[in-house]
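Student: No sequence on hand, only this structure:
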Ligand SMILES: NC(=O)c1ccc[n+]([C@@H]2O[C@H](COP(=O)([O-])OP(=O)(O)OC[C@H]3O[C@@H](n4cnc5c(N)ncnc54)[C@H](O)[C@@H]3O)[C@@H](O)[C@H]2O)c1
Ligand SMILES: O=C[C@H](O)CS(=O)(=O)O
């Protein structure tokens, strides 16, 4: 085990099933490595279908007890869990950076961001209200109550290994559900650490179960096929989301899908250029471009085009690629060699079709998973960087003339997660915000995420919302009780 992690009391290497930390059945293990160096950090249990079935059984067995706890009891446990995460945020951030690669400051921000969902739903747990509906007939009362949906399966990605899981477990437990979690095999440690702290917070055995394994389809087949699992909540790529939705159809499971994105950031001539540059830097290069709401297409009006490119290039020149544990690092590696190769393929496709490299445009010599922060000018909709989610530190810039053209370009995608626009014109803000087909629109701001907003997309970016006052609905069923003979 890596010396850094060896001293941590939060590094768990086994799965969590029914309150027990257990090895894989055949003692199989998978390697978790440091994307900055490629070195092995630790080996963790490599579980599969059999362990997943036991985890589902545990969650099923724990559901009656957990769903019967009072909202106040669930709220108190979630608050305690939140306090423990905040207390251990530095150690959790070190673990996250080690396995995912993002700079420590971003990792710490993610830990606190994920914890905020736990605190939010600790409060929302106490606000699950019903209705009394006036009946048309005398002597009758129509009463509506909300009940937890049951056993939930949560499958999460590697890019935000702590926050994406926290924003699923929190509403599930707040609603009274129990849960089986499958984190990404690339980054299981952050999830397992959350599970350990949840136990310490008093979450009863079987309420949270965690299955880690390299055979994601085998685990997924069990989670989507089990009649005891009533809901699947997934955060990840659109192709996998579509597959999981199909697999859930046989048992008519509820699904929440937080899928891929292809965000446009639209910079109009009248934009505050400082605001626009800052917004582009955050939304394009956070987590080295590996976020679902990254600006994937920079649409810049012709009047500001050259100045925007010049200013963005200057700012990108200040980036410092490196190991996320180094305090001077501003941007870390991509998650795998394959990811880095995929980014370079998209860049070379654009260059081959006429894009002009303003800066970067090739892998970095820092290591096989590092890619140079890249700005491509003269990009066109024929290029892969227009159609595909880049998921890397590459900013393709597209020129437009009119508002109508910007709206048309923005909407020319099957995705619909986030979009951004920068302008000082109030009429244009309303017209464009309402005309573009995305679940979330940032106006003169790209740091839009928080636990208080309904996070989610439309079209092939998914269904359902996470966080906000809306987020609990995805974990509740609505029941009518018609009281007659009164
Ligand atoms: N909308 C959001 O909130 C959001 C947030 C983060 C990431 N994402 C998206 O996630 C993608 C990047 O993450 P990723 O590479 O981990 O995505 P991915 O879809 O490859 O994997 C996501 C999770 O699904 C699991 N998985 C993969 N195939 C599976 C299968 N057949 N059955 C069951 N589970 C399976 C993986 O092991 C992982 O845990 C990007 O498209 C990004 O936009 C979306
Ligand atoms: O990658 C997707 C995350 O949901 C982005 S954010 O951290 O929630 O903004």
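Tutor: Perfect, I can see it now. Predicted, not measured: the structure shown is a model, and the values here were computed from it. Ligands and ions are numbered 1, 2, ... in the order given.
Student: drop to CA atoms for contacts and neighbour counts, all remaining ones
Tutor: Will do.
Student: Check whether the helix or strand harbouring residue 242 comes near ligand 1.
Tutor: Using DSSP states H and E, residue 242 falls within helix 238-249. Yes - using CA under 6 Å from any ligand atom, helix 238-249 comes into contact with ligand 1 via residue 240.
Student: From the contact counts, what lies against that helix?
Tutor: helix 216-225, strand 229-235, strand 254-258 (3 or more CA pairs under 8 Å, 6 or more residues apart in numbering; DSSP states H and E).
Student: Residues touching that helix, excluding its own?
Tutor: 220-221, 224-225, 232, 234-235, 254-255, 257, 259-260, 460-462 (CA atoms under 8 Å, 6 or more residues apart in numbering).
Student: List buried residues within these.
Tutor: When the contacts of helix 238-249 are checked for burial by 16 or more other CA atoms under 10 Å, the buried set is 220, 224-225, 232, 234-235, 254-255, 257, 259-260, 460-462.
Student: who touches the residue nearest to the spatial centre of the chain in this structure?
Tutor: The chain has residue 164 as the residue nearest its centroid, 4.3 Å off, counting by CA atoms, centre = their mean. For residue 164, the contacting residues are 114, 156-157, 235, by CA under 8 Å, 6+ apart.
Student: Residue 263 now?
Tutor: Residues near residue 263 by CA under 8 Å, 6+ apart: 293-297, 410, 416-420.
Student: rerun at 6 Å
Tutor: Contacts for residue 263 (CA atoms under 6 Å, 6 or more residues apart in numbering) come out as 295-296, 418-419.
Student: cool, residue 58 as well?
Tutor: Listed by CA under 6 Å, 6+ apart, the contact set of residue 58 reads 18, 206.
Student: what separates it from residue 65, distance-wise?
Tutor: According to CA to CA, to the nearest Å, residue 58 and residue 65 sit 12 Å apart.
Student: and what of residue 54?
Tutor: Applying CA to CA, the value for residue 54 to residue 65 is 18 Å.
Student: Of these two, give the one with the bigger neighbour count.
Tutor: residue 54 (15 against 12; other CA atoms under 10 Å).
Student: Distance-wise, check the more buried one relative to ligand 2.
Tutor: Applying CA to the nearest ligand atom, to the nearest Å, the value for residue 54 to ligand 2 is 30 Å.
Student: so where does that residue fall, helix or strand?
Tutor: Assessed by DSSP H and E, residue 54 sits inside helix 49-68.
Student: so does that helix get close to ligand 1?
Tutor: No - using CA under 6 Å from any ligand atom, helix 49-68 stays clear of ligand 1, coming no nearer than 11.3 Å.
Student: Run through the strands of the stretch 1-150 of the chain in chain order.
Tutor: All strands of the stretch 1-150 of the chain, identified by DSSP state E, counting those that start in this stretch, fall at 15-17, 20-22, 29-33, 40-45, 131-134, 141-148.
Student: quick one: average confidence on the first one?
Tutor: Strand 15-17 shows a mean pLDDT of 98 in the predicted model.
Student: out of the buried ones among the contacts of helix 238-249, which one sits closest to residue 149?
Tutor: Using CA to CA, residue 254 comes nearest to residue 149 of these, at 8.8 Å.
Student: In space, what's closest to the closest one - neighbours in sequence excluded?
Tutor: What sits nearest to residue 254 in space, not counting adjacent residues and going by CA to CA, 6 or more residues apart in numbering, is residue 231, at 4.6 Å.
Student: can you count the residues close to that neighbour?
Tutor: Using other CA under 10 Å, residue 231 has 26 other residues around it.
Student: so can I have a markdown table of the contacts of residue 164 showing distance to residue 445 and pLDDT?
Tutor: Shown next, in a markdown table, are these (distance: CA to CA, whole Å; pLDDT from 0 to 100):
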| residue | distance to residue 445 | pLDDT |
| --- | --- | --- |
| 114 | 21 | 98 |
| 156 | 27 | 98 |
| 157 | 25 | 98 |
| 235 | 24 | 98 |
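Student: ok, and which of the residues you listed reach ligand 1?
Tutor: Contacts with ligand 1 within those, counted by CA under 6 Å from any ligand atom: 156-157, 235.
Student: okay, now the domains of this structure?
Tutor: Following automatic domain parsing, one gets these domains for the chain: 15-260+461-481, 263-414+418-450.
Student: what pLDDT, on average, does the last one get?
Tutor: For domain 263-414+418-450, mean pLDDT is 98.
Student: hmm, it in reach of ligand 2?
Tutor: Yes - on the criterion CA under 6 Å from any ligand atom, domain 263-414+418-450 is in touch with ligand 2 at 291-293, 449.
Student: The chain against ligand 1: which residues are in contact?
Tutor: Neighbours of ligand 1 within the chain, by CA under 6 Å from any ligand atom: 155-158, 183-185, 216-217, 220, 235-237, 240, 258-261, 291-292.
Student: mind redoing it with 5 Å?
Tutor: 156-158, 183-184, 216-217, 220, 236-237, 240, 258-260, 292 (CA under 5 Å from any ligand atom).
Student: What subset of these is buried?
Tutor: Buried among the residues of the chain next to ligand 1 (16+ other CA under 10 Å): 156-158, 183-184, 216, 220, 236-237, 240, 258-260, 292.
Student: No further queries at this time; thank you.
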